[in-house]
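> The following comprises the amino acid sequence and a computationally predicted model.
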Amino acid sequence: MFRRFSVACCGLALVVLGWLPAKGAERLPPAAQWIPAEAVIAVELAEPKPILDLALNPRLAAAVTAMPVYEKAAAQPGFKQALGFVRYLESQLGTDWKTGLRKLVDGGITWAVEPKGGSLLVVDAQDEAILAKLHEVLLAVAKADAATRGDPERVKSADYRGVSVWSLGKDEFHAVVGRRLLLANRAEIIRAALDLRANGEGKSLAALPAYQAAKKAAGPKAAASAFVHLAALKRIPAIEKALKGSAEPLSALLFSGLTETLRRSNWLALGLRIEGETLSLQAAVDGKVAGAEGAAAFTWPTKADEGAMANLSVPRSIAAVSLYRDLHGFYAAKDKLFPERTSGLIFFENMMGIFFSGRDLTEEVLSEAKPEIRFVVAAQQYDPAVGTPQMRLPAFAAVFRVRHPQEFAEVIEEAWQKAVGLVSFTRGQKGQGGLIIDRPTHAGTRFTMACFSTSRVEDKSRLDVQFNFRPALAKLGDYLVLSSTDGLAADLIDALKREMAGPVKPLAQVHSLAELDVGQLAAVLQSNRAAMIRQNMLEKGTAQEEAEAQIDVLLTLLKSVGRVTLSLANPDGQTRANLELKLNLPR
């Protein structure tokens, strides 16, 4: 127990260092020069201040401490013991932990992992005297505990290259070199770092060309960055298997381009930037896209001005996704993507043959779709005259562009009506009501929709889940809308009319764009809180109080996030990704 606690102490102590004026502090090289070149992952916090400003934001702390789960954890003996230990360290070092934390990590933090699971944490303090004092206090605590337990030999040290390497227990080894703390889970990791310190000509991570290129790609202004040595990781069987691609058609459609690029890459670079409450994470790899000859060529724009379209904006939007995917190219490459055809794929082809009256799925159906595909998810507004389901689900829709809208319109309409008829026929066999087809008009555009009747339902405030669905098909210019509800179809007709009124330009070389309004998602989940608690109790067998706590933690976390945006592009033939997250901390 104390072995784990002692390791935690070293990490916890990093947050309670005080401040003394630096006197003759050793000039240390970048931490990467002390990390062996065999490291496969390296995470560096070069500019800790913006990260600490966010982590120590009083509004974030208030949101966390207001959670019932925090109050419950704070009442536990282990939590009180840890808090008492922090208070003790504060008294010994003469500082509060927040001030100590800021002054400790000013030099940066680096964490590296080697292929066999060894890890090294490097922390650069501002002042070596404070670090020495902290180390002295921790050693005294560890030795006292070891003596009390009758194991005084547990805390020990050994000299290596003129540096004392200490161990407080199994899988914990550390050394203090000036104002630098080295903490590892294996003795040989510490020794390798000290070898590099003594011999500047040694093979360090900093001298690795892949690391240098990744560091440059992460950008000089990144508050934190990460290097992943893909060339080394790909030798691990599990990762090698994962990068071979998925046999599932949907996963292949979404991720084939990304996995193929990763297979061609030697490194992955990540760079984190923080501006106020907005976090931006940029990713880059060195692998070039395969080009037209690759099995995943359907995911990449072939011309410089091609790419996914901007996401569509509709009222109460929860999520929007825009993709550049050549569906004809995707299905034409099915023998390469799915060399062992599954029964599910064969069944899908047979069903499509029925819906499209025997037309060839690849050459006569999917060839009609342009590569620009968009999806929208939005919260629903329910008509009181129709009723409200007990479990309220968001509406969702797919928007396509077709090459020959006039000729293809009847083909799609026929297939859609066959699908609706199949649902009604299946429900009729069970003695349940089917879908009723209607042809309403919105903003001058007539579209097709189907709905379940509630005329025989007495309590329209607690309808069954199927009443969330009112499937609709709309055709507008060369746009084709397949929606789960007529309300979302109408909103998309408005959005597409606005788009058609101006110049329609794709996002050059962007092949994937996703946006999520987490606040809107939280609102939808909040409206279903009671149903989610019941489901949690049934599926996990938890008590109501515990189920409520779990759901409320999820809702609190979601409410603390605003909007998330992810884009993937191929400028100059290389894959670049950008993830932006805007927080919504309580005021």
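Structure's in. What do you need?
> Quick one, grab the pLDDT at residue 406.
Residue 406 carries a pLDDT value of 90.
> Tell me the spacing between it and residue 490.
Separation of residue 406 from residue 490 (CB to CB, to the nearest Å): 23 Å. The way it works is simple: take the backbone N, C-alpha and C, and place the C-beta from them, glycine included.
> okay, the two: which has more neighbours?
More crowded of residue 406 and residue 490, by other CB atoms under 10 Å: residue 490, with 22 against 9.
> Check which element follows the helix or strand hosting the more buried one along the chain.
In the assignment (DSSP states H and E), residue 490 maps to helix 486-501. Counting by DSSP H and E, the next helix or strand C-terminal to helix 486-501 is strand 510-517.
> neighbouring contacts of that next one?
For strand 510-517, contacts defined as CB atoms under 8 Å, 6 or more residues apart in numbering pick out 254, 257, 299-301, 307-308, 310-311, 317-325, 507, 562-570.
> Okay, buried residues for the helix holding residue 490 please.
486, 487, 488, 489, 490, 491, 492, 493, 494, 495, 496, 499 (16 or more other CB atoms under 10 Å).
> need the strands for the stretch 451-587 of the chain, in chain order.
Per DSSP state E, counting those that start in this stretch, the stretch 451-587 of the chain carries strands over the ranges 472-476, 479-483, 510-517, 561-569, 574-583.
> The longest one: how far from the chain's middle?
Averaging C-alpha coordinates over strand 574-583 and over its chain gives two centres that are 10 Å apart (CA atoms, centre = their mean, to the nearest Å).
> other SSEs contacting that strand?
Using 3 or more CB pairs under 8 Å, 6 or more residues apart in numbering; DSSP states H and E, the elements in contact with strand 574-583 are helix 249-263, strand 278-288, strand 561-569.
> Out of the ones you listed, which gets nearest to residue 60?
strand 561-569 (11.6 Å; CB to CB).
> Output the helices and strands packed on strand 574-583 in JSON lines; the columns should cover distance to residue 34.
Listed next are those as JSON lines, based on distance: least, CB to CB, whole Å:
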{"stretch": "helix 249-263", "distance to residue 34": "29"}
{"stretch": "strand 278-288", "distance to residue 34": "25"}
{"stretch": "strand 561-569", "distance to residue 34": "35"}
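> ok, which stretches of the stretch 251-400 of the chain are strands?
For the stretch 251-400 of the chain, the strands defined by DSSP E, counting those that start in this stretch cover 268-275, 278-288, 317-324, 369-378, 395-402.
> Can you give the strand pairings for the second one, parallel or anti for each?
It stands for strand 278-288. strand 268-275 (antiparallel), strand 574-583 (antiparallel) (DSSP bridges).
> Please save the CA atoms from the longest one in PDB.
Read that as strand 574-583. Extracted C-alpha coordinates of strand 574-583, given in PDB (Å, rounded to 0.1, in the frame of the first residue of the first chain):
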ATOM      1  CA  GLN A 574       0.100  15.200 -45.900                       C
ATOM      2  CA  THR A 575      -2.700  14.700 -43.300                       C
ATOM      3  CA  ARG A 576      -3.300  17.400 -40.800                       C
ATOM      4  CA  ALA A 577      -5.900  17.500 -38.100                       C
ATOM      5  CA  ASN A 578      -7.200  20.200 -35.800                       C
ATOM      6  CA  LEU A 579      -9.400  19.700 -32.800                       C
ATOM      7  CA  GLU A 580     -10.800  22.900 -31.100                       C
ATOM      8  CA  LEU A 581     -12.700  22.700 -27.800                       C
ATOM      9  CA  LYS A 582     -14.400  25.700 -26.200                       C
ATOM     10  CA  LEU A 583     -15.200  25.400 -22.500                       C
END
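> which other residues reach that strand?
For strand 574-583, using CB under 8 Å, 6+ apart, the contacting residues are 54, 257-258, 261, 277-289, 560-570.
> Which members of those are classed as buried?
Looks like the contacts of strand 574-583 have 54, 257-258, 261, 277, 279-287, 289, 560-570 buried, using 16+ other CB under 10 Å.
> Could you look up the SS state of residue 222?
coil (DSSP: H, G, I helix; E, B strand; the rest coil).
> Am I right that it is in contact with residue 269?
No: judged on CB atoms under 8 Å, residue 222 makes no contact with residue 269 at a distance of 9.4 Å.
> could you point out where the stretch 151-300 of the chain is predicted with low confidence?
Counting by pLDDT under 70, the stretch 151-300 of the chain shows low-confidence ranges at 201, 290-293.
> just the helices in it please.
Taking DSSP state H, counting those that start in this stretch as the criterion, the stretch 151-300 of the chain carries its helices at 187-198, 209-218, 230-233, 237-242, 249-263.
> Reformat those helices as TSV; add distance to residue 294.
As requested, the helices of the stretch 151-300 of the chain are arranged in TSV below (distance: least, CB to CB, whole Å):
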stretch	distance to residue 294
helix 187-198	40
helix 209-218	23
helix 230-233	18
helix 237-242	18
helix 249-263	6
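> closest to residue 66 out of those?
helix 209-218 (35.5 Å).
> residues contacting residue 159?
residue 165.
> Just grab the bridge partners of it for me.
Under the criterion used (DSSP bridges), residue 159 bridges to residue 164.
> now it: how far from residue 559?
Using CB to CB, we find residue 159 at a distance of 54 Å from residue 559.
> ditto for residue 226
28 Å.
> Output the contacting helices and strands for the helix holding residue 490.
strand 369-378, strand 395-402, strand 441-442, strand 448-452, strand 472-476, strand 479-483.
> tell me the angle it makes with strand 472-476.
Computed by axes from the mean of the first three to the mean of the last three CA atoms, to 10 degrees, the angle separating helix 486-501 from strand 472-476 equals 10 degrees.
> Could you export helix 486-501 as CSV, CA atoms only?
Extracted C-alpha coordinates of helix 486-501, given in CSV (Å, rounded to 0.1, in the frame of the first residue of the first chain):
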residue,chain,number,x,y,z
ASP,A,486,-40.3,16.0,-41.3
GLY,A,487,-39.3,18.9,-39.0
LEU,A,488,-35.6,18.5,-39.6
ALA,A,489,-36.3,18.0,-43.3
ALA,A,490,-38.0,21.4,-43.3
ASP,A,491,-35.1,23.1,-41.5
LEU,A,492,-32.7,21.6,-44.0
ILE,A,493,-34.7,22.9,-46.9
ASP,A,494,-34.3,26.4,-45.4
ALA,A,495,-30.6,25.9,-44.9
LEU,A,496,-30.1,24.5,-48.4
LYS,A,497,-32.0,27.4,-49.9
ARG,A,498,-29.7,29.8,-48.1
GLU,A,499,-26.7,27.9,-49.4
MET,A,500,-28.0,27.9,-53.0
ALA,A,501,-28.5,31.6,-52.9
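> and that helix, what's its mean pLDDT?
Helix 486-501 shows a mean pLDDT of 96 in the predicted model.
> which SSE is residue 52 in?
Under the assignment here (DSSP H and E), residue 52 is part of helix 48-55.
> what angle sits between that helix and strand 574-583?
On the basis of the same axes, to 10 degrees, helix 48-55 is oriented at 40 degrees to strand 574-583.
> so where is the stretch 351-500 of the chain shaky, pLDDT-wise?
In the stretch 351-500 of the chain (pLDDT under 70), no residue qualifies.
> let's see 90
Applying pLDDT under 90 to the stretch 351-500 of the chain flags residues 351, 383-386, 390, 431, 433, 454-462.
> Kindly report the domain assignment for this structure.
2-18+31-207, 301-569 (automatic domain parsing).
> Now render the ones you listed as JSON lines, adding distance to residue 575.
Converted to JSON lines, the domains of the chain look like this (distance: least, CB to CB, whole Å):
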{"stretch": "domain 2-18+31-207", "distance to residue 575": "19"}
{"stretch": "domain 301-569", "distance to residue 575": "7"}
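> Out of these, which is closest to residue 213?
Per CB to CB, nearest to residue 213 of these: domain 2-18+31-207, 12.4 Å.
> Check the offset of the closest one from the chain's centre.
Centre-to-centre, domain 2-18+31-207 and its host chain are 27 Å apart (CA atoms, centre = their mean).
> quick thing: my sequence starts at 22, can you match it?
Sure, I'll start counting at 22 from here, so that last one is domain 23-39+52-228.
> Tell me where the stretch 22-171 of the chain has strands.
Under DSSP E, counting those that start in this stretch, the stretch 22-171 of the chain gives strands at 62-66, 130-134, 140-145.
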